[in-house]
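*Asks:* below are the sequence and a predicted model; questions follow.
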Amino acid sequence: MNLFTDIRALVLDAVAAMQAAGKLPADLDTAAITVEPPRDALHGDMATNAAMVLAKPAGQKPRDIAGALVGRLLSDGRIAAAEVAGPGFLNLRLADALWHGVIRAALTQRADFGRSMMGQGRRVNVEFVSANPTGPLHVGHTRGAVFGDALASLLAHAGFEVTREYYINDGGAQVDVLARSVYLRYLEAQGHEVAFEDGTYPGDYLRPVGEALKEKVGAAWVDQPEAVWLDEVRAFATDAMMDLIREDLAALGVRMDVFFSEKSLYGTGRIEEALKALRDKGLIYEGMLEPPKGKLPEDWEPRQQTLFRSSAHGDDIDRPVRKSDGSWTYFAPDIAYHFDKISRGFDALIDVFGADHGGYVKRMKAAVSALSDGKVPLDIKLTQLVRLYKNGEPFKMSKRAGTFVTLRDVVDQVGPDVTRFVMLTRKNDAPLDFDFDKVLEQTRENPVFYVQYAHARVCSVLRKAEAAGIDVSDATLAAVDLADLTHEAELGVARKLGEWPRLIETAARTHEPHRVAFYLYDLASELHTLWNRGHDEPALRFLQEDAPATSQTKIALVRAVAVVISAGLGILGVTPVDEMR
């Protein structure tokens, strides 16, 4: 049930009727007509731009079109009032019965209330985290993990078939560094004194890996040259780190559907196959790049390289895929990886990158556009930095990791629910401050507490009603007469509930799960405001003494709030609580 979609359809019917009557031209494009919440709730329940959109192509004044629409809309019983505002916007107020219908829909559909078929089952691949398998996930990965997982859940809620995917960067030189670092821990486990040189990984998290390697091979590799052990230690260390990463993700409530190895692209012809697809389109050539910006020509050594004509698909310059020495650039396996995704039949791709990968966006989009002939869109979402604070001071270091705060540091201190919600209280491309003290405060300024408290309050009302012998099952509440829900404060809550289905589609369309967190905070605020008004206005209290039928009417409203909060928290990966401790 999406009231905004229903009322838009009503507006379009009114426009069609005016066309049929010769009041408007027959060939008007109505795609840009919207029905949205007004900026100021005092102006009405919904607003449409129909007259503004149609005025120029119709050769008429916006207010004249709006005025004609008013009469047609008011003939429908769903519209209680319609008023022309400003240059030609049309503000609408709906009949109370429609908002009562929203409450019933929430109680009847429960977790499915707000679900959409907007996606029509289209297959979407969401790749996120994809950290180098060289150590535990850090706090920056945490934000990407939460964002990607919530986005995947949001898209599924909107009717897409979603695959969560992790790209294991196990094909580069960093994995050799990992192997050498694990070998040092292996020697340490054998009783040797070791020193970690610059460029190796000194974190304590590799100690158990070195011990495990000792258990596996004994002293066989002690004092052996690198050629003897490097390949096997690399594989052993990578597997151990991926086990650690999976544990970290599980602690956060994230589970991937696919783990794709970069290494599987090398020596298998898959990179060559992807580049051949581009070469067949005339997009691979041999050439020399222009000097980098900021370098003088005498500093530039021109080199013949194999280049991808990415500028033909929106990039600023063409990009090398093979170096002059014949080795692949970092870009080549990434092209092959996305070619594999396209070959698997996904209708759309989403990559979640850290902010430091901003320079990679255009080239990657160009590659996907070229490989799919523009048929498979790629959206790249960048997650900005997380600044950590504790006791008012920056929180910078994890002894276990050696150089950074890990995902587990955060989850162990505040729990997965708080971690996830807070990570979504800012848009992904805005920096986020995470204060370990503030996120645990029980105040309105803490959005996690504020939303959880609203759900717990409703659960408290339900428990008290049941203790008083009042039937508050969803089936019963959905059937009660809601006609007495006429107070503006109560209807305000119902109106906010009515925005939920539209919010899902908007957030899914823009790939912005933070909108769900913002909405839940606003919905919780409406519930808390109504609760507090009951202190001064007894008629607004949810439990009316000796009036079980009236109580059921009011409880139906707040139970619908709990249904939506629970569904919204589910999308964010947060567990709703029944009582605050």
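*Replies:* That came in fine, so what should we check first? Numbering: from 1, shown residues only.
*Asks:* contacts for the helix-or-strand element of the chain with minimal mean pLDDT next, please.
*Replies:* When the helices and strands of the chain are scored by mean pLDDT, DSSP states H and E, strand 393-394 comes last with a mean of 88. Around strand 393-394, the neighbours that count as contacts under C-beta atoms under 8 Å, 6 or more residues apart in numbering are 387-388. All C-beta spots, glycine's among them, are computed from the backbone N, C-alpha and C.
*Asks:* just checking: what are the partner strands of that strand?
*Replies:* Strand 393-394 has these partner strands in its sheet, going by DSSP bridges: strand 386-390 (antiparallel).
*Asks:* for the partner strand, what does the pLDDT average out to?
*Replies:* Strand 386-390 carries an average pLDDT of 92.
*Asks:* what does it contact?
*Replies:* By C-beta under 8 Å, 6+ apart, the residues outside strand 386-390 that reach it are 139-140, 142-143, 394-396, 405, 410, 423, 431-437.
*Asks:* residues of that strand that come out buried?
*Replies:* Going by neighbour count (16 or more other C-beta atoms under 10 Å), the buried part of strand 386-390 is 386, 388.
*Asks:* repeat for stretch 544-551
*Replies:* Judged by neighbour count using 16+ other C-beta under 10 Å, the buried positions of stretch 544-551 are 544, 548, 550-551.
*Asks:* which one of these is nearest residue 288?
*Replies:* Ranked by distance to residue 288 (C-beta to C-beta), the buried residues of stretch 544-551 are led by residue 551 at 79.4 Å.
*Asks:* how far off centre is the helix or strand hosting the closest one?
*Replies:* For residue 551, the host element (DSSP states H and E) is helix 548-572. Relative to the mean C-alpha coordinate of its chain, helix 548-572 is positioned 24 Å out (C-alpha atoms, centre = their mean, to the nearest Å).
*Asks:* mind giving me the packing neighbours of it?
*Replies:* With contacts taken as 3 or more C-beta pairs under 8 Å, 6 or more residues apart in numbering; DSSP states H and E, helix 548-572 sits against helix 96-109, helix 139-157, helix 416-423, helix 447-467, helix 474-479, helix 488-498, helix 500-510, helix 514-536.
*Asks:* quick revisit: which among the contacts of strand 386-390 end up buried?
*Replies:* Buried among the contacts of strand 386-390 by 16+ other C-beta under 10 Å: 139-140, 142-143, 395, 405, 410, 423, 432, 434-436.
*Asks:* what does the domain assignment say about the chain?
*Replies:* 3-94, 173-251, 447-572 (automatic domain parsing).
*Asks:* tell me the most buried of the ones you listed?
*Replies:* Comparing these by mean neighbour count (mean count of other C-beta atoms under 10 Å), domain 447-572 ranks first with a mean of 19.
*Asks:* quick one: it to chain centroid distance?
*Replies:* Taking C-alpha atoms, centre = their mean, one finds domain 447-572 lying 24 Å from the centre of the chain it belongs to.
*Asks:* how about the helices and strands packed on helix 548-572, which one is nearest residue 197?
*Replies:* Nearest of the helices and strands packed on helix 548-572 (C-beta to C-beta): helix 139-157, 25.4 Å.
*Asks:* what's the average pLDDT for that closest one?
*Replies:* Averaging pLDDT along helix 139-157 gives 97.
*Asks:* return the alpha-carbon coordinates of that helix using CSV.
*Replies:* The C-alpha coordinates for helix 139-157 follow below in CSV (Å, rounded to 0.1, in the frame of the first residue of the first chain):
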residue,chain,number,x,y,z
VAL,A,139,36.7,0.8,11.5
GLY,A,140,36.7,2.1,7.9
HIS,A,141,35.8,-1.3,6.7
THR,A,142,33.1,-1.4,9.4
ARG,A,143,31.3,1.5,7.8
GLY,A,144,31.5,0.0,4.3
ALA,A,145,30.3,-3.4,5.7
VAL,A,146,27.2,-1.8,7.4
PHE,A,147,26.4,0.4,4.5
GLY,A,148,26.7,-2.4,1.9
ASP,A,149,24.7,-4.9,4.0
ALA,A,150,21.9,-2.4,4.7
LEU,A,151,21.8,-1.4,1.1
ALA,A,152,21.5,-5.0,0.0
SER,A,153,18.6,-5.6,2.5
LEU,A,154,16.9,-2.4,1.4
LEU,A,155,17.1,-3.5,-2.3
ALA,A,156,15.7,-6.9,-1.4
HIS,A,157,12.8,-5.1,0.5
